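In: My questions concern the predicted model and sequence given below.
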Amino acid sequence: MNPLKFTDHRYYRFWNEIIKAIHYYNCKMAIQLSPGWGRQGHPNAGRPDVPAGAPSCVPLCMDLRDYFKKCKGNIEQIKKKVPPEAFQSLDIQGLIKMSDEEYFSADFQAFMQDALSQLQPEIYHFIWGDAPRELTIPEIHDLEDRMAAQAKAAFDLEFDAVEIHSPHGYLIHQFLSPRMNKRKDEYGGSLENRARFLMNIIRKIRQKVGPDKPVWCRLSGDELQPGGIHHDEQCQVAAMAKEAGVNAINVSQGSYEAMGSAFAPDGEGDFTRWAAGFKKATSGLPILVPNFLTPACAEKAIQEQSVDIIELGRQSLADPFWPVKVKTGHEKKIIKCIRCQQCYVEFGANHFLECAVNPVTGREKYFPELWLKDTKLGDRLNRAIQKMEGFPQI
């Protein structure tokens, strides 16, 4: 589901085109680099016989109670994706109220797997993952080296910054988490060992790109799962990351197993609760935090909650002009994200991005009237057009 690969030279020209377009609009662009999905992924389509690599052979199992209880939009989206007669037979409220013993019983899990695999196989794979294989030490070293090489390539292609993607259950997080990492070697056990993969990546990137390039990492404030890595340990990881060479911490939370309460909670400002801990642990590194809807909540986070940089995720899909509306005093004209989860569910169903409140989202290239004028690109084009006859200026 990630067509925009950054693995080797086959993709660099494409990326350079995007970078130049962003720079024409006088904006900066960071790339988020990840060594992989791990247990949250699946075997490569070209090699279905080779399971995805992870720290340990611990398969994914999402708790649907959390998925439906903490994010009400998920219920409405599921209604759209499964046949009406099937949805009517699914007692979601009864599911939410189940005890752990009832929910994780072999009979109920088998019933749910059988039902969802038939009704919606695309969503099924988000809930029950394939059993991964344990990565070997040489493979781990190779992934560390590849991350450093790709960070160097990113700066060579004129990206302005690199973010190391280390949160919500992907491969780096899996090494950090005692719930997912059961290794007995130098990459498992103590927090120092579990953090070794990330710290080696940071150090190797610094060796490649030098001390002055902006490099930061994203961390889950808390895994929000029993036996996972919690905030106190993540703060220690953030301190290690600063020592290894990062310039900032970008805050996330949870993993796929806590997708409902973590990835896309209802409301806004939920992620700010981790900012103060990371700020203190890193002795004041800049803290980036997402999950905002309103300027008032964003301003409060900056003034009172140790947040330095505001990020917009789903809200930027609903209204990409949020920043300029705030800047120009048109806050009442902001189109707010309604937290309906259509963007997430379309992603899980292998569809192109759509937004319930903004029909243009994902189709901006078809609406040139929305393109910004008075940019570097516009100036260059106008100078070129002036040399031609019969072409209107833009």
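Out: Sure thing, it's come through.
In: Quick one: residues in contact with whatever helix or strand residue 22 lives in.
Out: Assigned by DSSP states H and E, residue 22 belongs to helix 12-24. Residues from elsewhere that reach helix 12-24, judged by C-beta atoms under 8 Å, 6 or more residues apart in numbering: 4, 6, 28-29, 31, 153, 157-159, 375-377. For every residue, glycine as well, the C-beta is placed using N, CA and C.
In: In the stretch 1-150 of the chain, where is pLDDT below threshold?
Out: Scanning the stretch 1-150 of the chain for pLDDT under 70 picks out 1-3, 69-90, 122.
In: how about the strands in it?
Out: 30-33, 53-54, 133-134 (DSSP state E, counting those that start in this stretch).
In: Highest mean neighbour count out of those strands?
Out: strand 53-54 (a mean of 24; mean count of other C-beta atoms under 10 Å).
In: Check which helices and strands that strand sits against.
Out: Packing contacts for strand 53-54, counted by 3 or more C-beta pairs under 8 Å, 6 or more residues apart in numbering; DSSP states H and E, involve strand 133-134, helix 171-176.
In: Show me what the shortest one is packed up against.
Out: Helices and strands in packing contact with strand 133-134 are listed as strand 53-54; criterion 3+ C-beta pairs under 8 Å, 6+ apart.
In: so which of the contacts of helix 12-24 is the most crowded?
Out: With neighbours taken as other C-beta atoms under 10 Å, the top of the contacts of helix 12-24 is residue 159, carrying 23 neighbours.
In: and it, that one's in a helix?
Out: No. Counting by DSSP: H, G, I helix; E, B strand; the rest coil, residue 159 is located in no helix; its state is coil.
In: excluding its backbone neighbours, what's nearest it?
Out: Distances taken as C-beta to C-beta, 6 or more residues apart in numbering place residue 31 nearest to residue 159, at 4.8 Å, with adjacent residues excluded.
In: Could you do residue 336 as well?
Out: residue 293 (5.3 Å).
In: Mind listing what's buried along the lengthiest helix in the chain?
Out: Secondary structure of the chain per DSSP state H: the longest helix is helix 137-156. By 16 or more other C-beta atoms under 10 Å, the buried positions in helix 137-156 come out as 140, 143-144, 146-148, 150-155.
In: Could you say which helix or strand holds the nearest residue to residue 255 once chain neighbours are set aside?
Out: Distance criterion C-beta to C-beta, 6+ apart; nearest residue to residue 255, sequence neighbours excluded, is residue 169 at 2.8 Å. Secondary structure assignment for residue 169, by DSSP H and E: no helix or strand.
In: Return the residues in contact with residue 169.
Out: 38-40, 60, 177, 180, 220, 223, 254-257.
In: can you check residue 173 too?
Out: Contacts of residue 173 by C-beta under 8 Å, 6+ apart are 166-167, 180, 220, 223, 229, 255.
In: isn't residue 143 right up against residue 33?
Out: No. At 11.2 Å, residue 143 does not count as touching residue 33 under the criterion of C-beta atoms under 8 Å.
In: Tell me the one of the buried residues of helix 137-156 nearest residue 119?
Out: Proximity of those to residue 119 (C-beta to C-beta) peaks at residue 143, which lies at 36.0 Å.
In: Find the nearest non-adjacent residue to the closest one, please.
Out: Using C-beta to C-beta, 6+ apart, the nearest residue to residue 143 is residue 35, at 4.4 Å.
In: Surely the one you found and residue 172 touch.
Out: Yes. Residue 35 is within contact range of residue 172, at 6.6 Å (criterion: C-beta under 8 Å).
In: Which neighbours do those two have in common?
Out: Common neighbours of residue 35 and residue 172 (C-beta under 8 Å, 6+ apart) are residue 201.
In: mind giving me the domain ranges of this structure?
Out: Per automatic domain parsing, the domain ranges recorded for the chain read 9-41+133-281, 64-127.
In: and of those domains, who's closest to residue 325?
Out: Across the domains of the chain, residue 325 has its closest neighbour in domain 9-41+133-281 (16.3 Å, C-beta to C-beta).
In: Strands of the stretch 201-350 of the chain, start to end?
Out: 215-220, 249-252, 287-289, 309-310.
In: which strands and helices sit next to the third one?
Out: Read it as strand 287-289. strand 249-252, helix 275-281, strand 309-310.
In: again, 10 Å this time
Out: strand 215-220, strand 249-252, helix 275-281, helix 295-304, strand 309-310 (3 or more C-beta pairs under 10 Å, 6 or more residues apart in numbering; DSSP states H and E).
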